[in-house]
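> Based on what follows, work out the 3D shape:
(one chain, ligands or ions: 1)
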Amino acid sequence: MTFSTTSPLSADKSARLAEKLDALLKQERLDLGEKDARYLERLVSTQRLLALVGRVLIAACYFSLWFLVPGVLCLALAKIIDNMEIGHNVLHGQYDFIRHPYLNSNQFEWDIACDAKSWQRTHNFEHHTYTNIIGQDRDYGYGLLRLSNDYRWRLQNSWQLVTYFLLSSLFQWGVSYHELAAQRVFFGRKKADRHSQVSDSELKKAFFGKGARQLFKDYLLFPLLCWPVFGYVLLANLCANFIRNWWTATVIFCGHFTENAQVFYPEDCENETRGQWYYRQILGSSNFTGSKLLHILTGHLSCQIEHHLFPDLPAWRYRHLAPQVQAIANEFGIPYNTNSFLRQYLTVLVRIARHSFPSKPLKAAEIRSDL
Ligand SMILES: [Zn+2]
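Purely as a prediction, here's the structure:
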């Protein structure tokens, strides 16, 4: 399904949609305050405790290997919370209003290979502005996967399901490589219309600097601190990173690449009004349902629609906003893509598998060979 199969909103309807969603945003902003600060503090304390317990349990495998699995699980949970509910959301600036000295979009650095500043440059602006626009949103398929007929089929698409599983396993490195516009930096394939705010050498420095720090910490420093069980600690860190990588990749793919998540053409989005922008964000994103814990572990990207409508609001608020947004979408006859986590994940797999076969482009004149 593409934008061309869902009719654009009329000027009157899109103005009314903007009015409704703006009112919801305004009402939520008025409520910001102490409870957001308390939520963040509690979250960070829980994450630190989980990381500490995880590392102690892993080190305790010196006494018994039974400690290893619970240790890995605690560490993986800590890394997931650091990446999703804390990292993604703090780096969006969602909590900047509480003026925390470290938990803000300028200072925070997360426990993944991609450095925060490089990620912010592409994610906060490029992905959130040009969501699912063919040729403009570099996150659409990450330049690796063909997820729409608007892209030319290539031989490597035949095995893209395997590529996707590999990407999920190494997701932190995939994101780091991708966010640094690696094709341009390492291979000189520069897009004429793409201008970077930083030089290639700065991008390379960030890529290698942060990557080396992560490798040193996970695979040398912590194992050395527990020297007698060096190998087990290294293995435990590898497993915790693997679990976090799979989890984040799965959550992100379920938010944008489900069966009915739509794509758009640049010409359809020219001179977009606020209402049309809201409309595109709803059509291009997908939610999934689940428990409170599931929502927290996804960084509330289980409410991807609300995140794309209101990226600056503290994400824990998306849970109670979602029914209100869905009611507005229903009122305007806009498809609101939501389902169970499992169901959305299955449609992601089907989409990746379906586009691994050659198929006719939906809009021949617009076919893209690459991002
Ligand atoms: Zn985001």
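> Lys117 touches Ala206, doesn't it?
Yes: under the criterion of C-beta atoms under 8 Å, Lys117 makes contact with Ala206 at 6.8 Å. For the C-beta atoms, the positions are set from N, CA and C on the backbone; glycine is no exception.
> Those two - which one has more neighbours?
For Lys117 versus Ala206, the count of surrounding residues by other C-beta atoms under 10 Å is larger for Ala206: 20 against 16.
> So what would you say the end-to-end distance of stretch 282-291 is?
From its first residue to its last, stretch 282-291 covers 22 Å (C-alpha to C-alpha, to the nearest Å).
> Let me see the mean pLDDT of stretch 45-53.
Computed over stretch 45-53, the mean pLDDT rounds to 97.
> For that stretch, list every residue counted as buried.
46-47, 50-51, 53 (16 or more other C-beta atoms under 10 Å).
> contacts for stretch 114-126?
In this structure, residues lying in contact with stretch 114-126 by C-beta atoms under 8 Å, 6 or more residues apart in numbering are 87, 91-93, 105, 108-110, 136-139, 172, 175-176, 178-181, 197-198, 203, 206-207, 209-210, 311.
> Dump it to CSV, restricted to CA.
C-alpha atoms of stretch 114-126 as CSV (Å, rounded to 0.1, in the frame of the first residue of the first chain):
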residue,chain,number,x,y,z
CYS,A,114,26.7,4.4,17.5
ASP,A,115,27.6,7.7,19.1
ALA,A,116,24.7,9.8,20.3
LYS,A,117,25.4,12.9,18.2
SER,A,118,25.7,11.0,14.9
TRP,A,119,22.4,9.2,15.6
GLN,A,120,20.6,12.4,16.6
ARG,A,121,21.6,14.1,13.3
THR,A,122,20.0,11.5,11.1
HIS,A,123,17.2,10.2,13.4
ASN,A,124,15.8,13.3,15.0
PHE,A,125,15.7,15.3,11.8
GLU,A,126,15.9,13.1,8.7
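> in the protein, what spans have low per-residue confidence?
For the chain, applying pLDDT under 70 flags the ranges 1-6, 180-197, 361-371.
> middle-most residue in it, spatially?
Centroid-nearest residue in the chain: Ile252, 4.5 Å away (criterion: C-alpha atoms, centre = their mean).
> Now do the same contact list for that one.
The neighbourhood of Ile252, defined by C-beta under 8 Å, 6+ apart, consists of Leu301.
> Just the buried residues of the strand or helix carrying it, please?
Using DSSP states H and E, Ile252 falls within helix 230-256. Across helix 230-256, burial judged by 16+ other C-beta under 10 Å covers 232-237, 239-256.
> In stretch 53-65, which residues are buried?
53-55, 57-61.
> Nearest to Ile352 among those?
Nearest to Ile352 among the buried residues of stretch 53-65 is Gly54, at 32.0 Å by C-beta to C-beta.
> pretty sure Gly230 is touching Leu224, no?
Residue 230: Phe, not Gly. Yes: with contacts counted by C-beta under 8 Å, Phe230 reaches Leu224, the gap being 6.8 Å.
> ok, and the closest non-adjacent residue to Ile98?
Spatial nearest neighbour of Ile98, chain neighbours left out: Ala37 (4.5 Å); criterion: C-beta to C-beta, 6 or more residues apart in numbering.
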